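Novice: Based on what follows, work out the 3D shape:
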Amino acid sequence: MPGKSNIRILFLSLALVTLFSAVAVAQAGGTQANAVPAVAPKIAIVNVQDAILSTNEGKKELDALQQRFASRQTELRNLYNEIQNLQKQFEATQGQVTDEERATRARAIEAKQKTLQRNSDDFQADVQQAQQEIGRRIGGKMQCVLQKYAQDHAYWLVLDVSVQQNQVVWANHGTDITGDLVNAYNVQYPATPPAAARPAASAPTPTIKKP
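Specialist: Numbers count the residues shown, from 1 in each chain. A predicted model of the protein is given here:
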């Protein structure tokens, strides 16, 4: 998701600046170069993607997304059911119609299958693009909230664990600030969540046998 790498880089830089400042102060005071900080560094983890989707604004956006694509999702489901019924009829009439009729029916089913696949691919691409737009829109504001939260709570480093490939293999549950970040975002950007949050729109994944 665009913006998350910037968040990671931002807080890594913040941690390094804080660390270098602490070393400079220690050297200026005549302490040894290898002296450890008097206060243990605070490190936290956060799932930025979950945080975005868990905010009231995120829930509202996803609900609107579901409604926006509901009719297309219904069309895909109806076409899928139609193909399934044609497939059953095709198999049930085996040996009862001429070869020419069977070939005609088979071509009709295959044409509908291609239409379903094409429409399903377009649907998935449009949903993904819409979700990415939501992520960019909320993610930019989330970055500002996260920066202020980390500075206010004196965190040296905040690691985003929402990406699949990250270096965090274990973390204490108490270091996860995702919930706190959601609360901070809702305070700074208040929004009324939908009455009943619904999952984001998704296309059916039919498995269709070719005649």
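
Novice: tell me which residues of the one helix or strand residue 66 maps to are tucked away?
Specialist: For residue 66, the element it lies in under DSSP states H and E is helix 56-92. Buried residues in helix 56-92, defined by neighbour count with 16 or more other CB atoms under 10 Å: 56-63, 65-66, 69, 72-73, 76, 79-80, 83, 86-87, 90. To be clear about C-beta, it is placed using only N, CA and C from the backbone, and glycine gets the same treatment.

Novice: Please, where are all the helices along this protein?
Specialist: Assigned by DSSP state H, the helices in the chain fall at 4-28, 48-54, 56-92, 99-152, 178-188.

Novice: do you know which of those helices lies nearest residue 158?
Specialist: helix 4-28 (4.3 Å; CB to CB).

Novice: so what's the residue positioned nearest the centre of the chain closest to, chain neighbours aside?
Specialist: Centrality entry for the chain: nearest residue to the mean C-alpha point is residue 49, 5.2 Å, by CA atoms, centre = their mean. The shortest distance from residue 49 to any non-neighbouring residue, by CB to CB, 6 or more residues apart in numbering, is to residue 162 (3.8 Å).

Novice: do you know how far that neighbour is from residue 76?
Specialist: 29 Å (CB to CB, to the nearest Å).

Novice: Please apply the same query to residue 107.
Specialist: 21 Å.

Novice: Residue 125 now?
Specialist: 13 Å.

Novice: got it, and residue 182?
Specialist: 33 Å.

Novice: just residue 53 next, same as before
Specialist: Residue 53 is 24 Å from residue 76, by CB to CB.

Novice: got it, and residue 168?
Specialist: Taken as CB to CB, the span from residue 168 to residue 76 is 38 Å.

Novice: what do you get for residue 61?
Specialist: For residue 61, the distance to residue 76 equals 22 Å [CB to CB].

Novice: Ok, residue 141 next?
Specialist: 33 Å.

Novice: Test my guess that residue 48 contacts residue 145.
Specialist: No. With contact defined as CB atoms under 8 Å, residue 48 does not reach residue 145; the gap is 10.6 Å.

Novice: These two: which is more packed in?
Specialist: Neighbours per residue, other CB atoms under 10 Å: of residue 48 and residue 145, the larger number sits with residue 48, 25 against 20.

Novice: Quick check, pLDDT for the more buried one.
Specialist: Note for residue 48: predicted pLDDT of 94.

Novice: Likewise for residue 81?
Specialist: The model's pLDDT for residue 81 equals 97.

Novice: Then the one 3 residues further on?
Specialist: Here the pLDDT value assigned to residue 84 is 96.

Novice: most neighbours per residue, which of the helices of the chain?
Specialist: helix 48-54 (a mean of 22; mean count of other CB atoms under 10 Å).

Novice: That one: how far from the chain's middle?
Specialist: 7 Å (CA atoms, centre = their mean, to the nearest Å).

Novice: What lies in contact with that helix?
Specialist: 1, 4, 7, 58-59, 62, 134-135, 138-139, 142, 146, 160, 162, 178-179, 181-182, 185 (CB atoms under 8 Å, 6 or more residues apart in numbering).

Novice: No further queries at this time; thank you.
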